[in-house]
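Asks: Predicted structure and sequence below. I'll ask about it afterward.
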Amino acid sequence: MSLTASLTSAFSGLAALSRMTEVVSSNVANAQTAGYVRREAVLSSRGADGSGATVRVSDLRRDVDRALLADRRSADAGAGASGRIADFGLAMENAIGGVTSTGSLTDRIAKLEAALITAAGQPESDSFLGNAVTAARKLVSQISSAAKAAQAERISADARIAQGVDKLNAGLRQVADLNERIRTLTTAGRDATGLMDERQQLVDQMAELVPLREVERADGQLALFTTGGAALLDGRPAEFGFTPTAQITPDMTLASGALSGLKLDGVAINMANGAGLMSGGTLAADFAIRDKLGPEVQARMDGLARDLVERFSSSTVDPSLGAGDPGLFTDAGAALDPMAETGLAQRLAVNAAVDPEQGGAVWRLRDGINATARGAGGDARLLTALSGVLTDQRPTGSSAYLAGQRSFSALGATLVSLTADDRLAAEEDAVGAAARLSTLKELELQGGIDTDREMQDLLAIEQAYGANARVVQTVDELIRMLLGLGA
């Protein structure tokens, strides 16, 4: 090897080591930077005019554990979805109330029973009759507000779906743009790792909506697929389609065409039952809330309202009622139509004939809904019958509940229990998903930038730099010696 080749090799070593020092310093500086991925310089040797070998930094490799990254993204989606379902369950339980909570559904039922019994004890008291009407009104309000809460959750879910779709579409376009910029830099032999970090953060943000799987292509390109198999980006970005609905009523469903489904490049995607091409993230969770969980709560509330209306609409309870006349509780003032059960909870109302707030008179609670004149003040037969109706064991007409004989308070307790069970199951899933996500994030951090390791690498670089500098110095001395002999 000639002295010139020795200098060339040494200078290439100094240049490569300088670049490695830059990489290490960048790692240390960004040890706490969110989204930054550790870099590692890849060295390779090459011939120098056939008389020696030089070294160069041939690549900058991002130190990413692809398997761990995929697991963490899956956990992100799972935690987001289960958390969304748990929030819905808690909102429904808060709206309905617990078994022992003041102002809850079961509390309102108990107070109506008590008010009717008290009124039956002193039927001549307009005050006690008024208390019973007030208790009935508060029970109606509780049932209606809980049903409206379910509808509000459906509307919120629909709005979140629209936002999620917009975020996915924008994210896919941005990733496609970054792919092209990375290709340009990579083919030009320039550093594209910063853009790769930016791209990874974008994918992380989308992965909570839909679990994503990455596939690396040539020139630093990235293809994206859902874990269910839908292609979102492979050269060109796919386009999601969704039309939000500003107002959702109980009768509006995806099956009827009243609500928008999800489309991918114009093809409808089945989001039912939490399975399929787009399952696992918050997008699927919001579809479940809008199209399954919300309607289930609504159906339970409608079934409860139906049972309440039917209990008080019989002429055997109130002889003043004719065929087709509404009883104490009505469907927006009208008699119940069993075929129009959907949405009944929100239309439920106290019969205007007994409600002073609607121009009625409380004495009709004692004398009959359709009574035209006050009867004997001491007649408690109707009030006794009304109070007994709530405790009667009867079959529930609604398909939202299992068949069986129940009192109204037992039916209310069943609804509360079902709601609490749903919330507890959702919270259990959310806790498990959050624990898995926390563990994977911790593992990801452990595999991140270790400043002690970087300092060790820096010491090794310093020693190698000094050795190469010593080679240059030695060759310089040899050349000077040769020049001196010539003089």
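Replies: Here it is on my side, so go on.

Asks: okay, now Gly333: neighbour count?
Replies: 13 (other CB atoms under 10 Å). Every residue, glycine included, has its C-beta placed from N, CA and C.

Asks: Surely it is in contact with Leu348?
Replies: No. Checked against CB atoms under 8 Å, the pair Gly333 and Leu348 is beyond contact range at 10.5 Å.

Asks: SS state for the closest residue to Gln122 other than its chain neighbours?
Replies: Counting by CB to CB, 6 or more residues apart in numbering, Phe128 is the residue found nearest to Gln122 once chain neighbours are left out, at 5.4 Å. Following DSSP: H, G, I helix; E, B strand; the rest coil, the label given to Phe128 is helix.

Asks: Could you report the pLDDT at Phe128?
Replies: The model reports Phe128 with a pLDDT of 96.

Asks: Then Gly50?
Replies: Value for Gly50, per-residue pLDDT: 48.

Asks: Number the residues from 35 up from this point.
Replies: I'll keep to 35 as the first residue from here, and by that count the last item is Gly84.

Asks: what ranges do the helices span in the protein?
Replies: Per DSSP state H, the chain carries helices over the ranges 37-63, 100-130, 139-155, 160-221, 227-241, 316-322, 328-345, 378-381, 398-401, 415-425, 442-480, 485-520.

Asks: now stretch 488-508, how far from the chain's geometric center?
Replies: 53 Å (CA atoms, centre = their mean, to the nearest Å).

Asks: quick revisit: output the helices of the chain in CSV; the columns should cover distance to Asp299 and mean neighbour count.
Replies: Below are those laid out as CSV (distance: least, CB to CB, whole Å; neighbours: other CB atoms under 10 Å):
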stretch, distance to Asp299, mean neighbour count
helix 37-63, 40, 18
helix 100-130, 21, 21
helix 139-155, 46, 21
helix 160-221, 11, 19
helix 227-241, 17, 19
helix 316-322, 16, 27
helix 328-345, 28, 24
helix 378-381, 38, 23
helix 398-401, 62, 26
helix 415-425, 56, 19
helix 442-480, 30, 17
helix 485-520, 45, 12
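
Asks: got a list of contacts for stretch 143-163?
Replies: 165-166, 168-170, 172-173, 396-397, 399-400, 411-414, 417-418, 420-421, 424-425, 442-443, 446 (CB atoms under 8 Å, 6 or more residues apart in numbering).

Asks: pLDDT on stretch 266-285, on average?
Replies: Averaging pLDDT residue by residue across stretch 266-285 gives 93.

Asks: In that stretch, which residues are buried?
Replies: Neighbour-count burial for stretch 266-285 flags Leu266, Leu267, Pro271, Ala272, Phe274, Gly275, Phe276, Thr279, Ile282, Pro284 (criterion: 16 or more other CB atoms under 10 Å).

Asks: Can you report how many residues lie near the residue lying closest to the last one once chain neighbours are set aside?
Replies: If you skip the residues right next to it in sequence, Pro284 has Gly377 as its closest partner in space, 3.6 Å away by CB to CB, 6+ apart. Other residues near Gly377 number 20, with proximity taken as other CB under 10 Å.

Asks: these two touch, right, Gly377 and Ile282?
Replies: No. Contact criterion CB under 8 Å: Gly377 and Ile282 do not qualify, at 11.1 Å.

Asks: Output the below-cut-off pLDDT ranges for the stretch 335-484 of the chain.
Replies: Applying pLDDT under 70 to the stretch 335-484 of the chain flags residues 481.

Asks: how about 90 then?
Replies: The stretch 335-484 of the chain contains residues with pLDDT under 90 at 349, 357-358, 406, 409-413, 430-438, 474-484.

Asks: ok so, going back, Ser433 is nearest to which of the helices of the chain?
Replies: helix 328-345 (7.5 Å; CB to CB).

Asks: Between helix 100-130 and the closest one, find me the angle.
Replies: Between the axes of helix 328-345 and helix 100-130, defined by axes from the mean of the first three to the mean of the last three CA atoms, to 10 degrees, the angle is 20 degrees.

Asks: which secondary structure elements does helix 328-345 contact?
Replies: helix 160-221, strand 363-365, helix 378-381, strand 382-384, helix 442-480 (3 or more CB pairs under 8 Å, 6 or more residues apart in numbering; DSSP states H and E).

Asks: correct me, but Val199 touches Leu296?
Replies: Yes. Using CB under 8 Å, Val199 is in contact with Leu296, at 7.3 Å.

Asks: what is in contact with these two at once?
Replies: If you check Val199 and Leu296 against CB under 8 Å, 6+ apart, the residues they both contact are Phe274, Gly275, Phe276, Leu317.

Asks: ok, the third one - contacts?
Replies: The neighbourhood of Phe276, defined by CB under 8 Å, 6+ apart, consists of Ile195, Ala196, Val199, Ser294, Gly295, Leu296, Lys297.

Asks: Relative to Arg118, how far out is the last one?
Replies: Using CB to CB, to the nearest Å, we find Lys297 at a distance of 22 Å from Arg118.

Asks: Before we move on, what's the pLDDT of the nearest residue to Met230 once chain neighbours are set aside?
Replies: In space, and not counting its chain neighbours, Met230 is closest to Arg96: 5.9 Å by CB to CB, 6+ apart. For Arg96, the pLDDT comes out at 74.

Asks: now Met230
Replies: pLDDT, Met230: 88.

Asks: Equivalent analysis for Ala292, please.
Replies: 94.

Asks: and it, what are its phi and psi?
Replies: Torsion angles at Ala292 (phi, psi; degrees, to the nearest 10) stand at phi -80, psi -20.

Asks: now the nearest residue to it once chain neighbours are set aside: how far from Asp371?
Replies: With sequence-adjacent residues excluded and distances taken as CB to CB, 6+ apart, Ala292 is closest to Met286, at 3.9 Å. Distance, Met286 to Asp371, by CB to CB: 19 Å.

Asks: Tell me which of these two has more neighbours.
Replies: Met286 (19 against 9).

Asks: And that one, how close does it get to Ser40?
Replies: Distance from Met286 to Ser40, by CB to CB: 81 Å.

Asks: Could you report the neighbour count for the nearest residue to Val244 once chain neighbours are set aside?
Replies: Setting aside the residues directly before and after it, Val244 is nearest to Gly315 in space (CB to CB, 6+ apart), at 4.5 Å. Neighbourhood size, Gly315 [other CB under 10 Å]: 28.
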